[in-house]
Structure formats: structure tokens, C-alpha cells
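S.K.: attaching a predicted model along with its sequence, questions to come.
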Amino acid sequence: MITAYRSSWSLRSRRMALAAAGLLSIQILVACGPAGSGSTSPAAAGSAAPTPLSVGLGYIPSVQFAQFYLAQQAGYYREAGLQVTFQNKIDPDLVTLVGQGTIDVGISDGTSVIPAVSQGIPIRYVATIYAQFPNIVYAKQSSGIRTAADLRGRKLGTPGKYGSSWIMLQALLSSAGLKPSDLNIELYPDFGQGAALAQGAVDAATGFINNEPVQLELHGTQASILRVDKVVPLPGNGLIASTKAISTKRTQLRAFIAATLRAMREIEADPQKGLDATVATVPTLGQDPAAQLAILNATVATWSNDYTLAHGEGAIDQAAWATTVTFMASLPSSPISGTPPAVLQLVDSSLLPG
């Protein structure tokens, strides 16, 4: 029996989705949307019943999940012989439910997958979605903060000393020879650090590249952004599946990943497609289309990096995973239980196209 994933990181995905979507904190089950245009496969035509596939996304529907909405509405999942339903859960719940087989495939990042596998949760990361780690430190340009070294002695707001943002902050500071104790850390358990920065209560804050800096600049204030990718290439959010599902539903998972990557390519070429699919799924997000498009554009920018450009969308950079395991194991309060897992216990590239 798989026990619940023990984590103090439980609000990270909720924070990202809540702020990006700008909605109230309510857990929503998203039903299958209407299929759009597209050729009809034999499975869709009725020669075979479609295979149900449950997909766990972030806490609530958001424009950051546009590729899934587009693949659903355009009929790409149906053409692949799949009947896809979406569920919205916080990250640790997804990790547990995917490991148990309650959900077939979900979204999580490396900083959750690594400790979960070390705790015996039988999951693998099977496709990269965010090739660039979305967690950042940001400040107003007027603050003079341009590098990690500039954070020394400054006041920085963050939700807590846990999760991917805390891992990212420690990696970023270490690149400048700093520790969290070299800053004045202000905790905002209710995720008010963004408002605190806007009001001048803190000099910098942790956040997400496709959320807080976008919101800040939409209100006329230029942002200075510090990223961790070149310090420690932390694996960003991607698709996870259980080892059992990889064995028993291999064909279906491969088809799902291929259809999702197809939708990602289309949105990269025309972000408006992704916004339209999102609004069709979550009409309330159409109330401020300019803001949602800005968030989507910032999200799309994270979908590729030098590695995925060289090896294809969805490709998993195993060297980056190895570096992350080593870094997380070295932390004073490492979330890894026991012996750090090997990379091949964490990732599986066999479901990717080609």
C-alpha cells in the first residue's frame, strides 16, 4: 500500500495556479470539454472504445494548462483513442494519487519527485513541460537588485522555508556565497509576499516567472528577475506516471504525451489558440484576456531550453536531474529520505515520441 506523500511543500502548486488564474481558492473537477476539429481516427470513429485516462493538473484550472485544454478540444486525445478527464489537485496529492494509480498521469517538478521516490512512492517523471524552472526571485528594477549578491542584507518575502521556492532560493544564494541567514527573510504563509513587494514592505520576493513579475509589469512597474537555471538546473514541472501505469498503459501514455506535445507546438506558434482553448474551458478567465495572454506568453517561454531545442520537446535532461539530486542531498535539512535515488529511479524517457 502506498502511503500519502509526506511533504511540507503542499501549497506550492496551489499558489502558482491561484495567482496565475486570479480565481478564488476552490477545487474544481474539469469535465471533458467538447472535441474540436481534426481528423477522426478508427478509435474515435467507433471501431474501438476509447481508453479512459485521468489526468491530474494543478490546484485549479489556469491558462498555464492551455496545451491540455487545446488537445482536448481539438480532438487530439480522442484521435489517440483516449477519453481524457482532468482533475485539479495540489502537487503532493497528485504525487500520492499517481503513485497509487488513482490518477493515471499528473504534473509535478523534480523537487517533489526526488523526495517522493526516496520515500518509496513508485512514480517516474516521463516528459518535461517546463524546461526552465519557473520559480524565481524578483524585485522592482528600482531596487537595484540585479544579481544574487545584491540580496545580501535585503528583506526578502517568501511563503515559508519549504518547497521548490526555498530550494531555488538556497541554490541561488549559494552561487553568490550567501546563505538565507545573510538576508532578512520575511515569511508570508498566506502568500502575500507579492503584495508586500508591490507595497515596498520587502525588497525582493520569491515567485513564478509566469505570474508575479507579469502582474507587476502589467501594473506599470518593471521587474528585475533572478533565475536559478544556470546555477543548479532544477527540473521544472513535467508529467509523472506510476511505474505500474508505465507498464500496463504504455501505449495510452505515449499517445497522451504525443498529443499534448502537439498542442504545445501549436500554442508556441500561435498563443491565441491556447488562450481561446482556456477561455472555452474556464470562461471566467476571459474577463481579462490581455492579462491571461501575458501569463500564457510567459509560460510558453519556459517550455524550451537549449537541451529541449537539441533533443526535442519533452526531452528529459538526466544530467540536470543528477545535479539536482546532489544539491538537494547536500542541504542542511534535506527532504530526501535515506540514500539519494539514482536518476533512472526518477525518470523514464521511453514514453516520449521518437
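M.R.: Arrived safely. Numbers count the residues shown, from 1 in each chain.
S.K.: quick one: Gly207 and Pro213 touch, right?
M.R.: Yes - the criterion here is Cβ atoms under 8 Å, and Gly207 meets it with Pro213 at 6.8 Å. (Glycine included, C-beta is placed from N, CA and C.)
S.K.: what residues do those two have in common as contacts?
M.R.: Ile136, Tyr138 (Cβ atoms under 8 Å, 6 or more residues apart in numbering).
S.K.: sec struct for the residue nearest to Gln87 when sequence neighbours are not counted, please.
M.R.: Nearest non-adjacent residue to Gln87, counting by Cβ to Cβ, 6 or more residues apart in numbering: Gly56, 5.1 Å away. Classification of Gly56 by DSSP: H, G, I helix; E, B strand; the rest coil places it in strand.
S.K.: what residues go with each domain of this protein?
M.R.: Here the domain parsing of the chain from automatic domain parsing is 12-132+234-345, 141-226.
S.K.: need those in JSON lines with distance to Pro353, can you?
M.R.: Formatted as JSON lines, these follow (distance: least, Cβ to Cβ, whole Å):
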{"stretch": "domain 12-132+234-345", "distance to Pro353": "5"}
{"stretch": "domain 141-226", "distance to Pro353": "25"}
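S.K.: so which of these is nearest Leu352?
M.R.: domain 12-132+234-345 (5.1 Å; Cβ to Cβ).
S.K.: circling back to that earlier point, who has more neighbours out of Gly207 and Pro213?
M.R.: Remark: of Gly207 and Pro213, Gly207 carries more neighbours, 30 against 23, as counted by other Cβ atoms under 10 Å.
S.K.: quick one: buried residues of the helix or strand hosting Pro213?
M.R.: Using DSSP states H and E, Pro213 sits in helix 212-218. Neighbour counts over helix 212-218 (16 or more other Cβ atoms under 10 Å) mark Glu212, Pro213, Val214, Gln215, Leu216 as buried.
S.K.: what sits against the third one?
M.R.: To tie it back to what came earlier, the one meant is Val214. Val214 neighbours (Cβ under 8 Å, 6+ apart): Ala291, Ala294, Ile295, Ala298.
S.K.: let's see that with 7 Å instead.
M.R.: Ala294, Ile295, Ala298 (Cβ atoms under 7 Å, 6 or more residues apart in numbering).
S.K.: just the last one next, same as before
M.R.: Residues in contact with Leu216 (Cβ under 7 Å, 6+ apart) are Ala198, Ala223.
S.K.: for it, give me the pLDDT.
M.R.: Note for Leu216: predicted pLDDT of 94.
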